[in-house]
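> Turn this into a structure:
(2 chains)
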Amino acid sequence: MLRRISFLSCFRLLHHMCTTTSPFPSPALHIPLHSHCTKSTNINHEIQSHSNKTQFLNFMRNQCKSGKLKSIDEALNFFHTMAKMNPLPSVIDFTLLLGFIVKMKHYTTAISLVKEMHSSLGIKPDTFILNVVINSLCHLKLVAFGFSVLGTMLKLGLEPSVVTFTILINGLCVKGDVGRAVELVDHVEKTGYRSDVKTYGVLINGLCKMGKTSEAVGWLRKMEERNWNPNVVVYSTVMDGLCKDGLVSEALGLCLEMSGKGIKPNLVTYTCLIQGLCNFGRWKEAGSLLDEMMKMGVMPDLQSLNILVDVLCKEGKIMQAKSVIGFMILVGEVPDVFTYNSLIDRYCLQNQMDEATRVFELMVSRGCLPDIVAYTSLIHGWCKIKNINKAMHLLDEMIKVGFTPDVVTWTTLIGGFCQVGRPLAAKELFLNMHKYGQVPNLQTCAIILDGLCKSQLLSEALSLFHAMEKSNLDLNIVIYSIILDGMCSAGKLNTALELFSCLPAKGLQINVYAYTIMINGFAKQGLLDKAEDLLSNMEENGCMPDSCTYNVFVQGLVAEREIARSIKYLTMMRDKGFSVDATTTEMIINYLSTNQGDNELREFLFPK
DNA sequence: AGTCTATCGT
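Numbers count the residues shown, from 1 in each chain, chains lettered A, B, ... in the order given. Here you go, the predicted model:
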């Protein structure tokens, strides 16, 4: 069950957390103090006089504004020099420097420096400084602490600005809490605080990343209505979301609409659209869009060419992928780990481990270091052709060269052991991966449960499943479907039906897979009336049976020689445009060859 | 005067 936490209840919660007026309401939060820097003393001598101080500050401002400041040590030197000045530079100069430290992603350092400014230098925090703190906390995924700083801000009588809310909304989005992000925007507008283009941009990006594209389009339209002039970034974000949803034509339409407003598509816009077109087999249009892009003077870069290489590989068009790589080299780009990984992954999928290994070695010889994805692809490839020894050998090798296998690597290996008929070894890995610091995710659980079920180890599967139910994992319908299928295969139909009927109470939406598993279970046992009941039930519940559902049911009918009913359902399939799969066809042909006299079914299938 | 986001890839 999803519990929606409103902005206000969040606020209330945070009030408990901030009982002091210190802007650091998180004693539980261990923030490492920045390292002491030794170089600052040299600069100290140079800034004795007033004019030197002014010069120094101007230098620092320039470095920050022009982006020339690169290392964190340099920034810390600046900070300590400033901290030793008497009188202290203004809070504005500190804010400028902190902004840069945040841009360099040194969030904990930024927070501890603000802390130091407050406690050692006596600088009173203002909205700007606290925004830096909130932003740092949000980047550390500590959004709740960010809200508590907002509480402190209000308590100190400081007015949160549109930036404050934009930071928090972005923090919620990055954490995946888009629902609360939307609530916060609504709340901000209802309570008379401001939101602006950036606020909406952040929200639209969050919605797109969570696949809520239609909502994102809604907010885009709202921006247009308010004449906020969304820019090419916002439009491209939405176009990418539409493409990922399969709404490529809509994305193209939006691009035209945007161009009509005088906003030119840029490299990213074109890349998203080309990728969308390729993903749905619209190669010709993708090609002409690529031409158009270059005609407009927008040249593809390494990343956009890599996307092309990847979609081509995924489609099995290795030759074309290689010619894109050739073009890449021609225009002076150097293939990187993404380029090689796309090829490796494809060769592994095609069981061409020699080729995959060759590309891997080529990558190394060209000075491109393989990463964890490359290793995991190869491991996956060896598992696919059931060479678990090679897979384990690669695991050793990757650990030796200093990589930490991630949850995907472990899941791949667990699947590999299941595939070679060693489900108990798979279970060992599953139970031991935490020793390597990795926690199973839902995918891992699905793989191991399915492996155990398919190896007729239902009781092993069930004991793991019950342990999972007790853990914090939010088991989804996929996991339950695997268990249902395992129970059905083991002939435990009643137990399966019992679990099946509990699903809604667990807040799970029964989908077409789960229904089909149950229908298959009943049909295989010859309980055709029960299967038929479920088939009509699912439609009533708004879950449309698919081709697979009908196929498994017809297979049950044919097995029980229920020919009239088979024809009835085969007709329904024909009307709905569903095809009869290989298993069903084979069963029908077997039936016909032993029942030569059955003309009804023969004429249905082969009308004269 | 200083704080926010910035879209595409295994």
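
> Next to DNA strand B, which bits of the stretch 101-250 of chain A? Give me the list.
Taking C-beta under 7 Å from any atom of the strand as the test, the list of the stretch 101-250 of chain A residues beside DNA strand B reads A:102-103, A:126-129, A:131-132, A:135, A:161-164, A:166-167, A:170, A:198-199, A:201-202, A:205, A:209, A:231-233, A:236-237, A:240. All C-beta atoms are positioned from the backbone trio N, CA, C, and that covers glycine.

> worst-scoring helix or strand of chain A, pLDDT-wise?
None of the helices or strands of chain A scores lower by mean pLDDT, DSSP states H and E than helix A:7-17, at a mean of 32.

> returning to that earlier point: now the residues of the stretch 101-250 of chain A next to DNA strand B: which count as buried?
In terms of neighbour count (16 or more other C-beta atoms under 10 Å), the buried residues within those are A:102, A:128-129, A:131-132, A:135, A:161, A:163-164, A:166-167, A:170, A:198-199, A:201-202, A:205, A:209, A:236-237, A:240.

> now the helices for the stretch 151-300 of chain A?
The residue ranges that make up the helices of the stretch 151-300 of chain A, judged by DSSP state H, counting those that start in this stretch, are A:162-175, A:178-190, A:197-209, A:213-225, A:232-244, A:248-260, A:267-279, A:283-295.

> quick one: the last one near DNA strand B?
No: using C-beta under 7 Å from any atom of the strand, no contact is recorded between helix A:283-295 and DNA strand B, whose separation bottoms out at 11.3 Å.

> Just name whatever secondary elements that helix is in contact with.
Taking 3 or more C-beta pairs under 8 Å, 6 or more residues apart in numbering; DSSP states H and E as contact, the helices and strands that helix A:283-295 lies on are helix A:267-279.

> what's the answer for the fifth one, then?
Taking 3+ C-beta pairs under 8 Å, 6+ apart as the contact definition, the neighbouring helices and strands of helix A:232-244 are helix A:197-209, helix A:213-225, helix A:248-260, helix A:267-279.

> could the ones you listed be laid out in a markdown table, adding mean pLDDT?
Below are those laid out as a markdown table (pLDDT from 0 to 100):
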| stretch | mean pLDDT |
| --- | --- |
| helix A:197-209 | 94 |
| helix A:213-225 | 94 |
| helix A:248-260 | 95 |
| helix A:267-279 | 94 |
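
> Quick check: the gap between A:V238 and A:K390.
In this view, A:V238 and A:K390 are 45 Å apart by C-beta to C-beta, to the nearest Å.

> same thing with A:K470?
According to C-beta to C-beta, A:K470 and A:K390 sit 36 Å apart.

> Look at those two and report which has more neighbours.
Summary of the neighbour comparison: A:K470 and A:K390, criterion other C-beta atoms under 10 Å, with A:K390 having more neighbours (18 against 8).

> That one and A:H380 touch, don't they?
No: A:K390 is beyond contact range of A:H380, at 11.4 Å (criterion: C-beta atoms under 8 Å).

> for whichever helix or strand A:I482 is part of, the distance to its chain's centre please.
When secondary structure is defined using DSSP states H and E, the element that contains A:I482 is helix A:477-489. The gap between where helix A:477-489 is centred and where its chain is centred comes out at 25 Å by C-alpha atoms, centre = their mean, to the nearest Å.

> List the contacts of the closest residue to A:P265 other than its chain neighbours.
Here the nearest residue to A:P265 in space, its sequence neighbours aside, is A:C255; by C-beta to C-beta, 6 or more residues apart in numbering that works out to 5.8 Å. Counting by C-beta atoms under 8 Å, 6 or more residues apart in numbering, A:C255 makes contact with A:235, A:239, A:265, A:269, A:273.

> gap between A:C255 and A:S249?
Taking C-beta to C-beta as the measure, A:C255 falls 11 Å from A:S249.

> which neighbours do those two share?
By the contact definition C-beta under 8 Å, 6+ apart, A:C255 and A:S249 are jointly contacted by no residue.

> Pretty sure A:S547 sits against A:R574.
No: counting by C-beta under 8 Å, A:S547 does not reach A:R574; the two are 11.5 Å apart.

> The two: who's more crowded?
A:S547 (15 against 12).

> count of residues packed around the closest residue to that one other than its chain neighbours?
Leaving out its chain neighbours, the residue that sits closest to A:S547 by C-beta to C-beta, 6+ apart is A:F578, at 3.9 Å. Residues lying near A:F578 (other C-beta under 10 Å) number 17.

> Need the three-state assignment for A:F578.
Of the three states, A:F578 takes coil under DSSP: H, G, I helix; E, B strand; the rest coil.

> how far away is it from A:G246?
For A:F578, the distance to A:G246 (C-beta to C-beta) stands at 21 Å.

> And for A:N58?
Distance from A:N58 to A:G246, counting by C-beta to C-beta: 54 Å.

> the more surrounded of those two?
The residue with the greater number of neighbours, taking A:N58 and A:G246 and applying other C-beta under 10 Å, is A:G246; the counts read 13 against 10.

> Let me see the backbone angles for the closest residue in space to that one that isn't next to it in sequence.
Across the structure, with C-beta to C-beta, 6+ apart as the measure, the residue nearest A:G246 apart from its sequence neighbours is A:F280 (6.6 Å). Summarising the backbone geometry of A:F280 under the convention degrees, to the nearest 10, its torsions are phi -110, psi 30.

> wouldn't A:F78 be in contact with A:L97 here?
Yes: in this structure, A:F78 is within contact of A:L97 by C-beta under 8 Å, at 5.7 Å.

> if you count what's nearby, which of those two comes out ahead?
Counted by other C-beta under 10 Å, A:F78 and A:L97 do not tie: A:F78 has more neighbours, with 26 against 23.

> who touches the more buried one in this structure?
Neighbour list for A:F78: A:60, A:63, A:69, A:97 [criterion: C-beta under 8 Å, 6+ apart].

> try A:K384
Here A:K384 is in contact with A:348-349, A:351, A:416, A:419 (criterion: C-beta under 8 Å, 6+ apart).

> Spatially, what comes nearest to A:E292 if we skip its sequence neighbours?
Nearest residue to A:E292, sequence neighbours excluded (C-beta to C-beta, 6+ apart): A:Y270, at 7.9 Å.

> can you pull the contacts of that neighbour?
By C-beta under 8 Å, 6+ apart, the neighbours of A:Y270 are A:289-290, A:292-293, A:298, A:304.

> pLDDT for these - can I get that in a markdown table?
Formatted as a markdown table, those follow (pLDDT from 0 to 100):
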| residue | pLDDT |
| --- | --- |
| A:L289 | 93 |
| A:L290 | 90 |
| A:E292 | 93 |
| A:M293 | 93 |
| A:V298 | 92 |
| A:S304 | 91 |
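
> Could you identify the buried members of these?
Buried residues within the contacts of A:Y270, defined by neighbour count using 16+ other C-beta under 10 Å: A:289-290, A:293, A:298, A:304.

> Out of the residues you listed, flag the one nearest to DNA strand B.
Nearest to DNA strand B among these is A:S304, at 4.4 Å by C-beta to the nearest atom of the strand.

> Excluding sequence neighbours, find me the nearest residue to the closest one.
The spatial neighbour of A:S304 that comes closest, neighbours along the chain excluded (C-beta to C-beta, 6+ apart), is A:T271 at 4.1 Å.
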